[in-house]
Structures are given as structure tokens and as C-alpha cells.
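A.B. asks: The amino acid sequence is not available; the structure is as follows:
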Ligand SMILES: NC(=O)c1ccc[n+]([C@@H]2O[C@H](COP(=O)([O-])OP(=O)(O)OC[C@H]3O[C@@H](n4cnc5c(N)ncnc54)[C@H](O)[C@@H]3O)[C@@H](O)[C@H]2O)c1
């Protein structure tokens, strides 16, 4: 049977990969976003540019589909989400509320909500050697300002819509997704992409800037694992929030080390303590994930970062070559 689904945020990083994955599974896909994918053409059967803060646009997005994969959000790296609390909370509240209501009105069968590890209480994340976060630890609530509060509130909304209107909602909490075809500059990029860019742009033996002292810890998941996990959860009967991430904790300094080995460059670091670094440590507890899906992410950090680094490096080279051609044309012409 060919399912019809809409992927919102299909112009963004995870959405773009998810469209490709679901097409591979035989789905008919409508992609929706306020922008087209920046890197490469979408594989969606139909791609509509819509601002999902608007209720009527959400009705168009969810028209005549069985499944909704709600990935649209105003978001970015730690610099971005700590700078724009009101804007992020307002935009994402509007998107999520209208998308849920539109899915209900249009009688959608299943609705996947992409939540985040940012919902977990800050008081549990003061140490770099952090205890991995189990899903039930989200309460008593003390999530990250703006982005985290909005994610937690939208999780609750999903629960209410399931209980009151029988809309089958699924809630996934991503832990730091990285990979090719994502932002790597401009402020919305996350730490792995930012570090790949910085290392790609310097020579062997040069110094790059790292935010904080680099001893803050995180776990990272490659995007191929992410889209597979999303689809597995959507197929399951599990309606409570579920972590989707790896449980390999690394410091940002270790991340620099791994990427410099991939780049075969010796890299020195200068730590800027004035820059935001988020919580001190955060890791995913995958006990529930293993139990519910009988599966967990398996792409190693070394392998995933190798793909990511080489993609960013080739993007930067291509741009550099393009600029050289333009300059040559100007000189000749
Ligand atoms: N990437 C991660 O590590 C991570 C971690 C936790 C949660 N998430 C969540 O996963 C989802 C996808 O994240 P991503 O990394 O692909 O981010 P992304 O920024 O690449 O994609 C989000 C997309 O939403 C679109 N969007 C924003 N406002 C919109 C609007 N008003 N109408 C329509 N589209 C709009 C953006 O244009 C963008 O293309 C988001 O909900 C995000 O909060 C991601």
C-alpha cells in the first residue's frame, strides 16, 4: 500500500533526508517549508512553499494525507537558540498548535512531533560527566529557555490531542543530529558542522576557536540513523516521548580531535569562554528506545563525521572555485 504523507520542514536538514528515506519506502510525499532545500533537489512528489505559522496553510499542508511528520521549526545552534527566546517560542508555538489542529480537522491518522533533548531539566545537566537522561526525567520541568519550554509544551499538546481527539501522536526527542546537507555557517549550524567548517578552512598546524572550554559533553547521532528511527517510531504503537540519539558521550575537544584526524590536520584550539555553551553535559539514555523499537542508532561518530567533514570540505572548495572563476572572468572581461 502507498502511504501519503507530508513532511514539514522538508527544506531543512532532517526533513530533506527524511523525504528521501520515505520515498525509498514507497511513500507519496508532500514536502512543505518556507524555503526550498538549500543543498540538492527535493525528492518529494510535491513541494509547497508555505508559512506554517498560519492556520490555513497548515490545513493545506495536511490535506489528503495519512501521516504528518512535523519537523518545521525556527531553530539553530546554541548561539541562535540562546539569542532569540521570544521569536523561537512564538514561531514554534504557532506552527505546532496550528499543525496539530489542522491534522485533527483533516482526519490525519498519525502525527509525528520532533521534540528535543532541550526539554530536559537544566538542574540535571550541570556536570560534564552527566547521568544519561531517561524520558521520565523531563519533570519536574526546567528546560532550556524559549526553545526547550516550547518543545515541552508541544509534547503536552500532542498528548492532549491523542487523549481528547484520538489523534495518534508520536513524540521523538532528538539528541544532536549531524550529517551532510545541513547548515554549516551563518549561525544556525550545530557544533559538528561548525567545527568541520572551521577545520576545513585552516591549514595543518593552525588554530581554531572553540566555544567554552571545550570540556562540555554531548552525544551525537548521524542523520541516517535519525530518519530510520523516526520511521520505526511512526510504525510503532508507542505514544509516550522517546529519546532518539546515541549514548556515546564526548567532549567538544574530543570532537575537534576526531575531526582533525579525519582531515589529517594538526589543529590547535583557542577557547572563547564568553561564548554560549549550553548545559554542561547531556547524554541520551537509550533503555526505552531499545525496548520499544528493538533497535538503536549504529553509525559510529568517526564514520558519520567523515561523511559530514568531506561534504562540507567539498562545498567550501566548490564555492572557492566558483569565486575564482568569477574573478578570472572579471579580469579577462
Ligand atoms: N538537528 C538537531 O540536532 C535537532 C535536535 C533536536 C530537535 N530537532 C528538531 O528537529 C526538527 C528538524 O530540525 P533540523 O535540524 O532539520 O532543522 P532545520 O532548521 O534544518 O529545519 C527546520 C525547517 O523548518 C522550516 N521552517 C521554519 N519556520 C517555518 C515556518 N514558519 N513555516 C514552514 N517551515 C518553517 C525551516 O525553513 C527549516 O527548513 C526541528 O523541529 C528541530 O527543532 C533537531
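C.D. replies: Received, thanks. Note that the structure is a prediction, hence the values are computed from the model and not measured.
A.B. asks: check contacts around residue 52.
C.D. replies: For residue 52, the residues meeting the contact criterion (Cβ atoms under 8 Å, 6 or more residues apart in numbering) are 8, 32, 34, 58, 61, 72, 94, 95, 98, 99. (C-beta placed from N, C-alpha, C; glycine too.)
A.B. asks: Can you give me the pLDDT of the residue in the stretch 1-150 of the chain positioned nearest to the ligand?
C.D. replies: Closest approach of the stretch 1-150 of the chain to the ligand (Cβ to the nearest ligand atom) occurs at residue 12, with a separation of 2.0 Å. Per-residue pLDDT puts residue 12 at 96.
A.B. asks: start at 543 instead
C.D. replies: With the count now opening at 543, the last piece we talked about shows up as residue 554.
A.B. asks: what sits against it?
C.D. replies: Residue 554 makes contacts with 575, 579, 613, 614, as judged by Cβ under 8 Å, 6+ apart.
A.B. asks: likewise residue 843?
C.D. replies: Listed by Cβ under 8 Å, 6+ apart, the contact partners of residue 843 are 762, 764, 788, 790, 792, 797, 800.
A.B. asks: The second one and the ligand, how far apart?
C.D. replies: Separation of residue 764 from the ligand (Cβ to the nearest ligand atom, to the nearest Å) stands at 11 Å.
A.B. asks: Angles on the backbone of that residue, please.
C.D. replies: phi -70, psi 140 (degrees, to the nearest 10).
A.B. asks: which residue is nearest the middle of this protein?
C.D. replies: Among the residues of the chain, the one closest to the centroid is residue 719, at 5.0 Å (Cα atoms, centre = their mean).
A.B. asks: Excluding sequence neighbours, find me the nearest residue to that one.
C.D. replies: Spatial nearest neighbour of residue 719, excluding adjacent residues (Cβ to Cβ, 6 or more residues apart in numbering): residue 768 at 4.8 Å.
A.B. asks: per-residue confidence for the one you found?
C.D. replies: Reading off the per-residue confidence, residue 768 sits at a pLDDT of 98.
A.B. asks: Next: the one 10 residues further on.
C.D. replies: Here the pLDDT value assigned to residue 778 is 98.
A.B. asks: What is the neighbour count of it?
C.D. replies: For residue 778, the neighbour count with other Cβ atoms under 10 Å is 13.
A.B. asks: In this structure it contacts residue 831, no?
C.D. replies: No - Residue 778 is not in contact with residue 831 according to Cβ atoms under 8 Å; the separation is 10.8 Å.
A.B. asks: Can you give me the distance of the residue nearest to the centre of the chain to residue 643?
C.D. replies: Computed as Cβ to Cβ, to the nearest Å, the residue 719 to residue 643 distance reads 27 Å.
A.B. asks: How about residue 836?
C.D. replies: 34 Å.
A.B. asks: neighbour-wise, which of those two wins?
C.D. replies: Regarding residue 836 and residue 643, a neighbour count based on other Cβ under 10 Å identifies residue 643 as having more, with 18 against 9.
A.B. asks: Would you confirm that the more buried one belongs to a strand?
C.D. replies: No - using DSSP: H, G, I helix; E, B strand; the rest coil, the secondary structure at residue 643 is helix, not a strand.
A.B. asks: Residue 598 is in contact with that one, correct?
C.D. replies: No - contact between residue 643 and residue 598 fails when scored by Cβ under 8 Å: they sit 11.3 Å apart.
A.B. asks: Write down the beta-bridge partners of residue 714, one by one.
C.D. replies: With DSSP bridges applied, the residues forming beta bridges to residue 714 are residue 656, residue 784.
A.B. asks: what are the ranges of the helices in this structure?
C.D. replies: 555-566, 597-603, 620-625, 627-647, 689-707, 733-743, 765-777, 794-805, 829-835, 843-874 (DSSP state H).
A.B. asks: So which of those is nearest residue 752?
C.D. replies: With Cβ to Cβ as the measure, helix 794-805 is the member of the helices of the chain nearest residue 752 (6.1 Å).
A.B. asks: Identify each buried residue in that closest one, please.
C.D. replies: Buried positions in helix 794-805, judged by neighbour count with 16 or more other Cβ atoms under 10 Å: 794, 795, 797, 798, 800, 801, 802, 804, 805.
A.B. asks: these two touch, right, the second one and residue 756?
C.D. replies: Yes - counting by Cβ under 8 Å, residue 795 sits close enough to residue 756 to count as a contact (3.8 Å).
A.B. asks: Which neighbours do the two have in common?
C.D. replies: With contacts taken as Cβ under 8 Å, 6+ apart, residue 795 and residue 756 have residue 811 as neighbours in common.
A.B. asks: returning to that earlier point: just checking, the residue nearest to the centre of the chain touches residue 765?
C.D. replies: Yes - because the distance of 5.6 Å satisfies Cβ under 8 Å, residue 719 is recorded as touching residue 765.
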